[in-house]
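J.: Need the 3D shape of this:
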Amino acid sequence: MDIKNILTKYPPSREYLLEVLHEIQEADPQNHVSTEAMTEVAAWMKIPLSAVYGVLKYYSMYSSAPRGKHIVRVCNSVVCAMKGGEGIKSALENRYPANTGTYPSGSFSVEFTECLGHCEQAPAMMIDAGVLGNLDPESAIAALNSLNDNTL
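T.: Residues are numbered from 1 along each chain as shown. Have a look, this model is predicted:
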């Protein structure tokens, strides 16, 4: 990945920081923004490295740690919990013990997050930008198995 090519597409202004971080993360084979990339962004935009790091840590869509090819976000909100989300969480924790990081195949990472904004489909989870709703433990595991088998 050539970070300089990404940076030169944008004016060296802080107002483009989110777009730059997003594009860098999308281009990274491990789906994250490395310390080296953050350093280059800070230098290009003439802002402190701490400002770049702060934005990266504030927004849950960004990661400074390597992740799988697909990002699975499982809703951990009260609404999803009331509609069976706790069973999904337990099933995923049992089936994929590395659920707080990247599944060993590298095909996906599971993150438990607050509301995904799809309460009408609770319990819900997202795989990349796609939403899966009205889940039960079996359908959630089947969705993750399809990622591991590269059939999604």
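
J.: From now on I want contacts and neighbour counts done on CA atoms only, so please keep to that.
T.: Fine.

J.: distance of Val20 from Glu40?
T.: In this view, Val20 and Glu40 are 11 Å apart by C-alpha to C-alpha, to the nearest Å.

J.: The two: which has the busier surroundings?
T.: Val20 (19 against 16; other C-alpha atoms under 10 Å).

J.: List the contacts of the more buried one.
T.: Listed by C-alpha atoms under 8 Å, 6 or more residues apart in numbering, the contact partners of Val20 are 6-7, 10, 41.

J.: Looking at these, state which has the most neighbours.
T.: Counting neighbours by other C-alpha under 10 Å, the top entry in those is Val41, with 25 neighbours.

J.: Need the per-residue pLDDT for that residue.
T.: Predicted confidence (pLDDT) for Val41: 98.

J.: How about Ala65?
T.: On pLDDT, Ala65 comes in at 89.

J.: what about it, which SS state?
T.: Three-state call for Ala65 (DSSP: H, G, I helix; E, B strand; the rest coil): coil.

J.: Apart from its chain neighbours, what residue comes closest to it?
T.: Counting by C-alpha to C-alpha, 6 or more residues apart in numbering, His32 is the residue found nearest to Ala65 once chain neighbours are left out, at 5.9 Å.

J.: Could you verify that that neighbour is part of a strand?
T.: No. His32 is assigned coil when assessed by three-state DSSP, not a strand.

J.: Verify the stated contact: it with Met61.
T.: No. At 9.7 Å, His32 does not count as touching Met61 under the criterion of C-alpha atoms under 8 Å.
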